[in-house]
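S.K.: Mind folding the following:
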Amino acid sequence: MVDKGTGIQWTSEKNLEDLEFADDLALLSHSVNDMQVKTQDLEASAAFVGLRIDKDKTKIMKVKTDSSQAVTLANGSIDEVQEFICLGSVVDVTGGTEQDVEACTLGKARSTFKAMDKL
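M.R.: Numbering: from 1, shown residues only. Got it, this is the predicted structure:
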């Protein structure tokens, strides 16, 4: 996306507007209003090339905010989540890493105990 100055500050001169990986896209904004504009722009761009955004596969997570304002697509509101997994890491509304570290540690412990079962 074009840098409109609506993302999160990445360097002293640039904002990070989105993160892209394979067929996933994470839009980043400091305000719900900016997120709504980005979502509408994305939906219009997708429609222009014959694509549509699947509302059931689209989620929004608001980090460290009390805003109750919804972000919508043409066919309704986007579901809000408290956490999601991105590239194997847990991302949650606190913006911290405790849950991700805990999930990783438990996963390693489980696999180690399972491997010991053969002994």
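S.K.: three-state assignment of the residue nearest the centre of the chain?
M.R.: In the chain, the residue lying closest to the centroid (CA atoms, centre = their mean) is Ala26, at 4.6 Å. Secondary structure assignment for Ala26 (DSSP: H, G, I helix; E, B strand; the rest coil): strand.
S.K.: Contacts only, for the nearest residue to it once chain neighbours are set aside.
M.R.: Nearest non-adjacent residue to Ala26, counting by CB to CB, 6 or more residues apart in numbering: Leu19, 4.3 Å away. Placement of C-beta: from N, CA and C, glycine included. Contact analysis of Leu19 by CB atoms under 8 Å, 6 or more residues apart in numbering lists 25-26, 28.
S.K.: can you give me the helices in this structure?
M.R.: 32-48, 98-116 (DSSP state H).
S.K.: Make JSON lines from those helices and add mean neighbour count, distance to Leu73 and mean pLDDT to it.
M.R.: What follows is the helices of the chain, written out as JSON lines (neighbours: other CB atoms under 10 Å; distance: least, CB to CB, whole Å; pLDDT from 0 to 100):
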{"stretch": "helix 32-48", "mean neighbour count": "15", "distance to Leu73": "6", "mean pLDDT": "93"}
{"stretch": "helix 98-116", "mean neighbour count": "11", "distance to Leu73": "28", "mean pLDDT": "71"}
